[in-house]
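A.B. asks: A structural model of the following input is requested.
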Amino acid sequence: MNDNEAYLLACILIEPDLIFKASIGEGHFFNGANRRIYRAMRECADKRIKIDYISISDVDAEIDKKYLVTLNDKVPSAANWKYYEGKLIDEYQRQKLLHLGRVLAEITANDTPSEYIEMAENELLELGTNGQSRKVQRIGEAMPTAIDKIQERNKLKGKVPGICSGIPNLDALIGGFQEDRYIIIGARPSDGKSALALNMACNIAIAQKIPAGIISAESSNTEIVTRAISSEGHILGQNIMTGCLSTADMSSLVDVSEKMRMCPLYLYDAPNVRFGELKSVARQMVAVHKVRALFIDYVQIIRWEDARLAIHEQVAAVSRGLKQLARELKIPIIGLSQLKRDSEGREPEMADLDYSKQLEQDADALIFIYHPKKVEGQEPKPSLLLVKKNRDGGKGVVKVNFKREYVKFYQVYDD
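C.D. replies: Have a look, this model is predicted:
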């Protein structure tokens, strides 16, 4: 173990830029002398000082200079640095897992299992990132990543930077579903928020072949699949419900079933889901199934761990948790939200979000579904997606048609 530590340090002395390439931290070194040398190397790198024997000794006068010199003979070149790094990471993860196992083995009847589950998940998540924790950065240190992202977007030349929702004008307005983003889709009951989310999830998974997930406390997996068959197969929901399928319907059913069978859309239904369970499932979807966009149906029905809190406090806690989860998993999370019933008959506003102003504060984008009232003798007006908040751009309106009988939203293109 310590030999691999010394070999990697020797590689860094030969090729100092490896200090920026290696995916390790101080905690990966179990030998105290090696840890001290690596710490000094990092300090040299942070100060833009060349990493060599003299600068390392200047940074930390207590380092064993005789041992430091012996590193020169450890390896002939830096060619195998990746191998030595891998050995360090393996040993770090092994020791962490052994420690976690000992802690879990000591659980007693008086302990709360959910707390241990949360602790274990956090430990395993950290191991999944090689133990790299966030650190305080000077703005100049964070700038290269930001510049890289700007340059990547510039290469797109106006194309949507995020995952497309299937509604082009909405994507143009919000930039698609971008990683780390927490997006709220709000609507009154039965106005189609679940249908819109399902349309978007199917577009992502079927048309774009990007893994997507739906966690639903509102509908069962069977209900979700049935609606997806209706919308993707263009089969009347009434025909499916009553079992009155025509020959054309049966043909569409076969085609859409084959198309959907292997698509990367992952479902989890739990009528009384608590946030801790939701978080665990979300992590599993991302780690195992590589999900890149997650839909939650719906925010107000997710139960917080502390049931003693008032409803509005639980909703606020769930919303904050979803925002943090989006950043942790580096995926867009799209949460559906009920609106207050007294918003009926008018365009909804942010204040209409049911139970909690926290949703308004947390969301990176707020999208409301609005169906204008039909006026007798006039052509029906299209439904609207109202972007009332958008941290990455402007607000606006997107015209859509909602074919309720097919559980399907279509974009309306102006002539």
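
A.B. asks: going forward, measure contacts and count neighbours with C-alpha atoms only.
C.D. replies: Will do.

A.B. asks: strands along the stretch 201-350 of the chain, start to end?
C.D. replies: Ranges of strands in the stretch 201-350 of the chain, per DSSP state E, counting those that start in this stretch, are 212-216, 265-269, 294-297, 333-338.

A.B. asks: so what strands line up beside the third one?
C.D. replies: With DSSP bridges as the criterion, the sheet partners recorded for strand 294-297 are strand 212-216 (parallel), strand 333-338 (parallel).

A.B. asks: so can I have CSV of those showing distance to Arg320, mean pLDDT and mean neighbour count?
C.D. replies: Shown next, in CSV, are the strands paired with strand 294-297 (distance: least, C-alpha to C-alpha, whole Å; pLDDT from 0 to 100; neighbours: other C-alpha atoms under 10 Å):
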stretch, distance to Arg320, mean pLDDT, mean neighbour count
strand 212-216, 17, 90, 26
strand 333-338, 12, 92, 26
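
A.B. asks: what would these look like in CSV with distance to Leu359?
C.D. replies: As requested, these are exported to CSV (distance: least, C-alpha to C-alpha, whole Å):
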stretch, distance to Leu359
strand 212-216, 18
strand 333-338, 9
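
A.B. asks: and the ones you listed: which comes nearest Gly233?
C.D. replies: Closest to Gly233 of those, according to C-alpha to C-alpha: strand 212-216, at 19.3 Å.

A.B. asks: contacts for the closest one?
C.D. replies: 201, 204-205, 264-271, 278, 285, 291-298 (C-alpha atoms under 8 Å, 6 or more residues apart in numbering).

A.B. asks: convert it to CSV, retaining C-alpha atoms only.
C.D. replies: Presented in CSV, the C-alpha positions along strand 212-216 are these (Å, rounded to 0.1, in the frame of the first residue of the first chain):
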residue,chain,number,x,y,z
ALA,A,212,-35.1,9.1,-17.7
GLY,A,213,-36.9,8.3,-14.5
ILE,A,214,-40.4,8.9,-13.0
ILE,A,215,-41.0,8.6,-9.3
SER,A,216,-44.8,8.8,-8.7
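
A.B. asks: what angle do that strand and strand 265-269 make?
C.D. replies: 10 degrees (axes from the mean of the first three to the mean of the last three C-alpha atoms, to 10 degrees).

A.B. asks: quick check: longest helix in the chain by residues?
C.D. replies: The helix that spans the most residues within the chain, counting by DSSP state H, is helix 81-105.

A.B. asks: leaving out sequence neighbours, find the closest residue to Lys330.
C.D. replies: Spatial nearest neighbour of Lys330, excluding adjacent residues (C-alpha to C-alpha, 6 or more residues apart in numbering): Asp180 at 4.7 Å.

A.B. asks: what's that neighbour in contact with, if anything?
C.D. replies: 326-333.

A.B. asks: can I get those in a markdown table including distance to Asn169?
C.D. replies: Converted to a markdown table, the contacts of Asp180 look like this (distance: C-alpha to C-alpha, whole Å):
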| residue | distance to Asn169 |
| --- | --- |
| Ala326 | 24 |
| Arg327 | 26 |
| Glu328 | 29 |
| Leu329 | 27 |
| Lys330 | 24 |
| Ile331 | 21 |
| Pro332 | 18 |
| Ile333 | 20 |
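
A.B. asks: quick one: buried ones out of those residues?
C.D. replies: 326, 329-333 (16 or more other C-alpha atoms under 10 Å).

A.B. asks: what about Arg367? Give its phi and psi, please.
C.D. replies: For the record, residue 367 is Ile, not Arg. phi -120, psi 130 (degrees, to the nearest 10).

A.B. asks: next, count neighbours for it.
C.D. replies: Other residues near Ile367 come to 29 when the count uses other C-alpha atoms under 10 Å.

A.B. asks: which pLDDT value goes with it?
C.D. replies: Here the pLDDT value assigned to Ile367 is 91.

A.B. asks: quick one: contacts for it?
C.D. replies: Counting by C-alpha under 8 Å, 6+ apart, Ile367 touches 183-186, 385-389.

A.B. asks: hang on, Ser343 packs against Ala351?
C.D. replies: No: using C-alpha atoms under 8 Å, Ser343 makes no contact with Ala351, being 9.5 Å away.

A.B. asks: can you give me the helices in the stretch 151-300 of the chain?
C.D. replies: Secondary structure of the stretch 151-300 of the chain (DSSP state H, counting those that start in this stretch): helices at 168-174, 193-202, 221-233, 237-242, 247-261, 275-289.

A.B. asks: if we can go back for a sec, which of the strands paired with strand 294-297 sits closest to Tyr84?
C.D. replies: Distance to Tyr84, taken as C-alpha to C-alpha, is lowest for strand 212-216 among these, at 36.1 Å.

A.B. asks: how far is the closest one from where the chain is centred?
C.D. replies: Centroid displacement of strand 212-216 relative to its chain, using C-alpha atoms, centre = their mean, to the nearest Å, is 12 Å.
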